[in-house]
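Novice: what follows is a predicted structure for the sequence shown.
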Amino acid sequence: MKHSRNLFKNLTAMVLSGITVITLGNTAFAREMSLQESVLEALNNNHTIKQEESDVEKAKAVLGEAQGNQGVKLTWTGTVNKLGGHYYNSNNIDHSYGNTVTASLPLYAGGQLDDNLKSAKLGVDVSNYTLENTKQSIQLQVIQSYYQILNSQNIKDVRQNVVKQYSDHEQMAEAKYNAGVVPKSDLLRSQVNLADAQQNLTSAENDLQIAISDFNKLIGQDLMTDVQPSDDYLTNYKFTQTLQECMDEAVTNRPDGIATRKAVEQAQLAISAAKAGYLPQVSLVAQKDIAGNNMMTNDQSDKSAVGVQASWDLFDSNVTHSQVKQAEAALIRAQQEQADMDDQIRLDVRQAYLSMEAAQKNIHTTQVAVAQATEDNRIAQVRYQAGVGTNSDILDTISDYVTARMNYNQALYDYTVSIASLNKAMGLDAQSIINDLGGKGSVVPTVSGTVSAPAANETAVAPAPSEKASAPAVQEENDSTELNVLDRGSAQADN
């Protein structure tokens with residue numbers, strides 16, 4: 001018997017050790033991250049940004065090529081020939097080695113070289129502005145992803161609390177059913193709602209993990225890292241600029257807008273460069289030419305020349321004309337792209353601005369709705385326990401509360417992200433966005449079965465002075481922990 005007990009203990013220890021190893025092996029590395037830290041890592045690690053950086057280097061190389069085309073060009077040409085015939089045979093010459101060194105410097109190219117150089121410089125500018133726009137886009141994506149984690153955490157918290165609410169109510173309904181006070185339908189419906197709440201919680205937990213994985217991929221971090229945001233929603237931001245002022249600033253400052261204007265300048269230079277084909281090309285040329293029966297000897301020929309060389313295509317079967325037409329069509333396209341980009345910039349600003357205003361109003365509206373739904377749920381709980389309320393009343397109030405909290409969480413997310421979107425639409429740099437979004441918010445009460453402290457990462461907007469929210473007055477006192485009512489006192493604390 002003793003041997004059996006020892007064997008059982010050993011097996012138990014082995015199983016627990018195996019579970020521990022598996023758990024540790026699957027444990028994700030937890031990391032608390034601020035918004036600024038997240039943006040900086042994305043700027044350093046994001047693959048899209050690195051692709052744009054390579055395009056900048058390519059544009060710089062194109063500029064170097066354009067600069068080199070205006071300088072001296074030194075060319076060596078070597079030839080080797082097997083010779084035959086009476087002349088060469090009589091002079092005992094059977095090979096000829098030729099060496100020609102030519103130095104040339106362009107003096108006049110109809111402005112083509114200058115235009116190409118200016119265009120290449122603009123190309124570097126375009127690449128830099130495109131890189132900056134990509135960085136700003138990645139920054140916005142990081143901000144959206146960062147706060148999506150926070151939003152998913154809040155949704156998970158709500159779902160957990162709702163499961164607790166339905167679980168407590170299911171126990172209450174079961175006790176009343178066993179006592180013969182309520183019909184079995186009350187118990188069955190409570191059980192169905194509890195199962196549905198548990199399923200929603202599972203989905204919320206999965207959504208949180210997906211949000212974290214998306215964030216990790218965006219900043220170039222191990223996908224298994226468990227990220228904990230240290231910054232809260234922006235809830236006290238005061239935007240003073242008008243919509244028109246934002247549009248005007250955006251058209252002036254947006255890097256992608258500036259890039260399209262630079263592209264128009266490039267297209268104009270391309271027309272001028274193409275028209276240079278109608279004009280002569282003039283170069284300063286110096287040449288040394290030797291030939292001999294052996295390499296680098298001049299026993300057969302020794303010539304040198306310095307002078308000016310000019311060439312002019314008098315007729316090229318409309319090749320230059322066609323090149324000019326191509327460049328003119330490209331200019332029209334570039335101008336239309338610039339106009340379209342300006343319209344898109346104004347549209348981006350308008351959408352972000354209106355979204356910010358709507359989200360700000362929704363925060364106030366949904367905050368009041370949460371307080372009202374909290375009180376309604378509390379009253380329904382009291383009435384049901386007293387036998388004067390129905391099961392449907394409780395289930396409806398919990399459902400209404402979930403809707404109110406979800407709407408409130410979404411409003412907080414929309415407000416913070418819309419401000420970031422507006423900053424991006426205006427072409428503001430990363431630091432200005434981080435400064436705007438780096439503030440801490442204040443916490444709000446959670447749905448809880450008992451009176452408890454607010455959950456972390458759940459914030460409330462500070463309403464404008466003219467829009468201060470007021471929660472409904474408390475009609476009944478209730479300190480019973482058996483009812484598991486919502487924390488009415490904390491709900492009023494925000495008001």
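Specialist: Looks like it came in fine. Numbering: from 1, shown residues only.
Novice: going by C-alpha atoms from here, please, whenever you check contacts or count neighbours.
Specialist: OK.
Novice: for residue 340, give its distance to residue 259.
Specialist: 13 Å (C-alpha to C-alpha, to the nearest Å).
Novice: am I right that residue 240 is in a strand?
Specialist: No. Residue 240 sits outside any strand when classified using DSSP: H, G, I helix; E, B strand; the rest coil, being coil.
Novice: check it and give its pLDDT.
Specialist: Residue 240 carries a pLDDT value of 83.
Novice: just checking, what packs against the helix or strand harbouring residue 202?
Specialist: Using DSSP states H and E, residue 202 sits within helix 184-219. Packing contacts for helix 184-219, counted by 3 or more C-alpha pairs under 8 Å, 6 or more residues apart in numbering; DSSP states H and E, involve helix 35-45, helix 112-178, helix 391-425.
Novice: tilt between the shortest one and helix 184-219?
Specialist: It refers to helix 35-45. 50 degrees (axes from the mean of the first three to the mean of the last three C-alpha atoms, to 10 degrees).
Novice: that older thread, quick one: average confidence on the helix holding residue 202?
Specialist: 93.
Novice: what comes up buried for that helix?
Specialist: Using 16 or more other C-alpha atoms under 10 Å as the test for burial, helix 184-219 gives 186-187, 189-191, 193-194, 197-198, 200-201, 204-205, 207-209, 211-216, 218-219.
Novice: so which of residue 340 and residue 259 has more stuff around it?
Specialist: residue 259 (22 against 14; other C-alpha atoms under 10 Å).
Novice: identify the residues contacting the more buried one.
Specialist: Counting by C-alpha atoms under 8 Å, 6 or more residues apart in numbering, residue 259 touches 125-127, 129-130.
Novice: in this structure residue 113 contacts residue 69, no?
Specialist: Yes. With contacts counted by C-alpha atoms under 8 Å, residue 113 reaches residue 69, the gap being 7.1 Å.
Novice: more neighbours: the two, which one.
Specialist: In this view residue 113 and residue 69 are compared by other C-alpha under 10 Å, and residue 113 has more residues nearby, 19 against 16.
Novice: nearest residue to the more buried one in space, please, no chain neighbours.
Specialist: Distances taken as C-alpha to C-alpha, 6 or more residues apart in numbering put residue 70 closest to residue 113, at 6.6 Å, once the chain neighbours are dropped.
Novice: give the helix, strand or coil label for the one you found.
Specialist: Assignment for residue 70 (three-state DSSP): coil.
Novice: what about it, how many neighbours?
Specialist: What residue 70 shows, counting by other C-alpha under 10 Å, is a neighbour count of 17.
Novice: check the gap between it and residue 341 for me.
Specialist: 35 Å.
Novice: low-confidence ranges in the stretch 351-495 of the chain?
Specialist: Applying pLDDT under 70 to the stretch 351-495 of the chain flags residues 430, 436-495.
Novice: please, where are all the strands along it?
Specialist: 442-443, 459-460 (DSSP state E, counting those that start in this stretch).
Novice: try the stretch 201-350 of the chain
Specialist: 226-229, 281-292, 301-311.
Novice: now the first one - C-alpha only, PDB.
Specialist: Only the C-alpha atoms of strand 226-229 are listed here, as PDB (Å, rounded to 0.1, in the frame of the first residue of the first chain):
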ATOM      1  CA  ASP A 226       2.900  39.900 -24.500                       C
ATOM      2  CA  VAL A 227       2.700  43.700 -24.800                       C
ATOM      3  CA  GLN A 228       1.300  45.800 -21.900                       C
ATOM      4  CA  PRO A 229       0.600  49.400 -23.000                       C
END
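Novice: which secondary structure elements does that strand contact?
Specialist: Using 3+ C-alpha pairs under 8 Å, 6+ apart, strand 226-229 sits against strand 30-33, helix 112-178.
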